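# Need a 3D model of the following:
(chains A and B)
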Protein chains: 2
Amino acid sequence: MPKIVQFYEFGEADVLKLEDHPLAEPGEGEVRLKVEAIGLNRAEVGFRAGRYLELPKTFPSTLGYEASGVIDAIGSGVTGLQIGDRVSTIPAFSMLNYGTYGESAIVPATAVAHYPETLSPTEGTAIWMAYIMAYGPLVEYGQVKADDFVLITAASSSVGYSAIQIAKTAGAVAIVTTRSNAKKQMLLDKGVDHVIVTNDEDLVDCVMKITNGHGADLIFDAVAGSLLETLAAAAAPGATIFMYGALDDTAATPFPLFAALQKGLKVQGYTLFEITTNPLKLEHAKQYIYEGLETRKLVPILDRTFTLDQIVEAHRYMESNQQNGKITITVS
Amino acid sequence: MPKIVQFYEFGEADVLKLEDHPLAEPGEGEVRLKVEAIGLNRAEVGFRAGRYLELPKTFPSTLGYEASGVIDAIGSGVTGLQIGDRVSTIPAFSMLNYGTYGESAIVPATAVAHYPETLSPTEGTAIWMAYIMAYGPLVEYGQVKADDFVLITAASSSVGYSAIQIAKTAGAVAIVTTRSNAKKQMLLDKGVDHVIVTNDEDLVDCVMKITNGHGADLIFDAVAGSLLETLAAAAAPGATIFMYGALDDTAATPFPLFAALQKGLKVQGYTLFEITTNPLKLEHAKQYIYEGLETRKLVPILDRTFTLDQIVEAHRYMESNQQNGKITITVS
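Model prediction:
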């Protein structure tokens, strides 16, 4: 029997339990993966802790948006996929219905895609969430272009690195924030143009200096809270601030009304489901990502990998904010 | 000597003083109007009271964005305008530099436009601010189209009526809010599809009922404050909430982060200067407005008119929130 991760209550990382589970069969429109690697996301930490956009209605609940593996069973009505195919999952489903944390996972056939043969399973599971998260705001909506100033917070996450690479692919200037000096050099090593250390430097002053008083054209933020007002102050006229997370979940997020009026700012909420549940937009995103991987403009940045029986430790590591890229689980 | 309105300190309406002033000569790129009518705006109330996007740096200060009149002097370098031309002002300048409250006003030549001969001077001064305010969000940015659900707050202002007419011109469904029953019938009489009386009815429930659970596609709000969270709850997935004012200036404006993420909402600050200071966008706006006035899809809604020596009373009336359309001053 495959082992899968479930939880019976909301709480700290140790609510996650690795348990034997009867091998399930895929239903109509579904496929089953023999999982090789799993990608970890903040979304699952929130889902487990009881603070996410949607929450399980019954327990135990599975969890997880990302896995790579080999298809070992196919439900009815599925076309274009075969047993033995090497695929990874695209977050195009609700965790209320599906979860990827386990040795075996059933997911909708529309939520898997082949990944380049040059990538390992851990790299394969690290691409869709991270790149689509940044692709939507920066490419689909923001239409980032050469010489734009792109300001990225929480830059050392897998999504942060994706945003940096997408900005650089377009020829834009990537400006990132980090709290302490600890991550500054590694961000510069990854091709960032400017790193602002927010414990030591004034974010708005730095952005205005870097941009010659223009401000940031596109802002990609996972933090929210009181930072939004600072980001609005650092924004160029007509800029868009994309909000895709709420890392600062201790605080309310005041809307920067005065700056928004004066500069005609847009503040736009975003989840990648806007792309992944829209077949046409998803197809464009996939082509963009395949091309970027092919030309090596997009290179998944991997952090530590854990084994499945270390899932509690892996979640704790994610919550410790030490990561530098994608945290993965190697299953087999 | 012409009389002009000035104020020597921030305060209530009675800080406005009507005083004789030597006739000034227009400088380079400026024209002088013999004023026939003046349009009143919330912006001037805020400017006078010391709470607006920009404030006078020295006193006394003039004020006013809108006037209609006849050109009686032309500065150097002005083309396309002649003495005797019947024009009205477009708010394309800062009140730090120019003011229209008076029997004579000097304004930039780029900030005047001819208005249709069929309109009276009070109508002529009521068109640019009101229609461009609503045109930017609904047409230039929001691209309102047939069957969109457009939700409009503060609907009985001149800008509110403009938004209603622009929505109806596009074939959209105009849903407006009003606090009490007092203005309900007059809003229906002006072609509004649905009026929600917020003292008696739940805004979100009503919008969801009217839209069959879809929500509002475009929201045009002058209020801000805690209402923003309610508007986000009433918004359709992918909707844009345009904020163009801060009538609820007593309260902070919390950003509706959760709804914004879940529904991919945009909250966009807007002032009409985005249009009026961009020659191409302004030209498009003017053509739209001329055509709408010509076809009578756009019909300025006039409220009370006062004389210039009643300017204090006129400001008090605006602040009493009784108005139904544009408040004007008839000068001669």
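
# What are the boundaries of the strands in the stretch 101-250 of chain A?
Per DSSP state E, counting those that start in this stretch, the stretch 101-250 of chain A carries strands over the ranges A:104-108, A:112-114, A:149-152, A:173-178, A:194-197, A:216-221, A:235-243.

# Quick one: mean pLDDT for the fifth one?
Taken as a whole, strand A:194-197 has an average pLDDT of 96.

# With stretch A:7-22 instead?
97.

# How about residues contacting it?
Contacts to stretch A:7-22, defined as Cβ atoms under 8 Å, 6 or more residues apart in numbering or on different chains, come from residues A:1-6, A:48-50, A:55, A:59-61, A:63, A:101-102, A:104, A:308-309, A:311-313, A:315-316, A:319. C-beta: built from backbone N, CA, C; applies to glycine.

# Tell me which of those residues fall in helices.
Per DSSP state H, helices hold the following members of these: A:Arg48, A:Ala49, A:Ile311, A:Val312, A:Glu313, A:His315, A:Arg316, A:Glu319.

# ok now do the nearest residue to the fifth one once chain neighbours are set aside, which residues does it touch?
In space, and not counting its chain neighbours, A:Glu313 is closest to A:Phe306: 6.2 Å by Cβ to Cβ, 6 or more residues apart in numbering or on different chains. By Cβ under 8 Å, 6+ apart, A:Phe306 lies in contact with A:Glu313, A:Ala314, A:Tyr317, A:Ile327, A:Thr328, A:Ile329, A:Thr330.

# and A:Phe306, helix, strand or coil?
strand (DSSP: H, G, I helix; E, B strand; the rest coil).

# Look up how far A:Ile38 lies from it.
9 Å (Cβ to Cβ, to the nearest Å).

# joint contacts of these two?
A:Thr328, A:Ile329.

# does the residue of the stretch 1-150 of chain A found nearest chain B sit in a helix, a strand or a coil?
Scanning the stretch 1-150 of chain A for proximity to chain B using Cβ to the nearest Cβ identifies A:Leu53 as nearest, at 5.4 Å. Put simply, A:Leu53 is coil when judged by three-state DSSP.

# quick one: the helices in chain A?
Going by DSSP H, chain A shows helices at A:42-49, A:121-124, A:128-135, A:158-169, A:184-189, A:203-210, A:227-233, A:257-263, A:273-276, A:279-294, A:311-319.

# Can you say which of the contacts of stretch A:7-22 are buried?
A:2-6, A:48-49, A:61, A:63, A:101-102, A:104, A:308, A:311-312, A:315 (16 or more other Cβ atoms under 10 Å in any protein chain shown).

# about what we covered before: residues in contact with the closest residue to the residue of the stretch 1-150 of chain A closest to chain B other than its chain neighbours?
Excluding the flanking residues, the one nearest A:Leu53 by Cβ to Cβ, 6+ apart is B:Gln262, at 5.4 Å. Residues near B:Gln262 by Cβ under 8 Å, 6+ apart: A:Leu53, A:Gly269, A:Thr271.

# Surely the first one and A:Thr271 touch.
What it means is A:Leu53. Yes: between A:Leu53 and A:Thr271 there is a contact at 7.0 Å, judged by Cβ atoms under 8 Å.

# quick one: which of those two has more around it?
Taking other Cβ atoms under 10 Å in any protein chain shown, A:Leu53 and A:Thr271 do not tie; A:Thr271 has more neighbours (20 against 15).

# Was I right to think that one contacts A:Ala246?
No: the pair A:Thr271 and A:Ala246 does not pass the contact test of Cβ under 8 Å, sitting 11.4 Å apart.

# So for the two, which residues contact both of them?
B:Leu261.

# what about stretch A:101-117, start to end distance?
Criterion Cα to Cα, to the nearest Å; first-to-last residue distance in stretch A:101-117 is 23 Å.

# Give me the buried positions along it.
A:101-113, A:115.

# ok, of those, which one's closest to B:Val150?
Closest approach between these and B:Val150, by Cβ to Cβ: A:Thr110, at 33.8 Å.

# which ones are touching that closest one?
Counting by Cβ under 8 Å, 6+ apart, A:Thr110 touches A:Gly29, A:Ala92, A:Pro279.

# re earlier: out of the strands of the stretch 101-250 of chain A, deepest packed?
Highest mean neighbour count of those: strand A:149-152, a mean of 28 (counted as mean count of other Cβ atoms under 10 Å in any protein chain shown).

# Using PDB, write down the CA coordinates of that one.
The C-alpha atoms that make up strand A:149-152 are tabulated as PDB, following Å, rounded to 0.1, in the frame of the first residue of the first chain:
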ATOM      1  CA  PHE A 149      11.600  48.400 -13.300                       C
ATOM      2  CA  VAL A 150      10.200  45.300 -11.600                       C
ATOM      3  CA  LEU A 151      10.200  45.200  -7.700                       C
ATOM      4  CA  ILE A 152       9.900  41.800  -6.200                       C
END
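
# I'd say A:Lys266 and B:Val267 touch.
Yes: A:Lys266 is in contact with B:Val267 according to Cβ under 8 Å; the separation is 7.2 Å.

# May I ask which of the contacts of B:Gln262 comes out lowest in pLDDT?
Confidence by pLDDT is poorest for A:Leu53 among the contacts of B:Gln262, given 86.

# Just give the number of residues close to the closest residue to A:Trp128 other than its chain neighbours.
In space, and not counting its chain neighbours, A:Trp128 is closest to A:Ile90: 4.4 Å by Cβ to Cβ, 6+ apart. Residues near A:Ile90, counting by other Cβ under 10 Å, number 25.

# quick one, what contacts the nearest residue to A:Leu138 once chain neighbours are set aside?
Counting by Cβ to Cβ, 6+ apart, A:Leu138 lies nearest to A:Val144, which is 4.6 Å off, once chain neighbours are set aside. A:Val144 is in contact with A:Leu138, A:Val150, A:Ile166, A:Ala167, A:Ala170, A:Ala172, A:Leu218, counting by Cβ under 8 Å, 6+ apart.

# Same question for A:Ala170.
Applying Cβ under 8 Å, 6+ apart, the residues near A:Ala170 are A:Leu138, A:Val139, A:Val144, A:Lys145, A:Ala146, A:Asp148.
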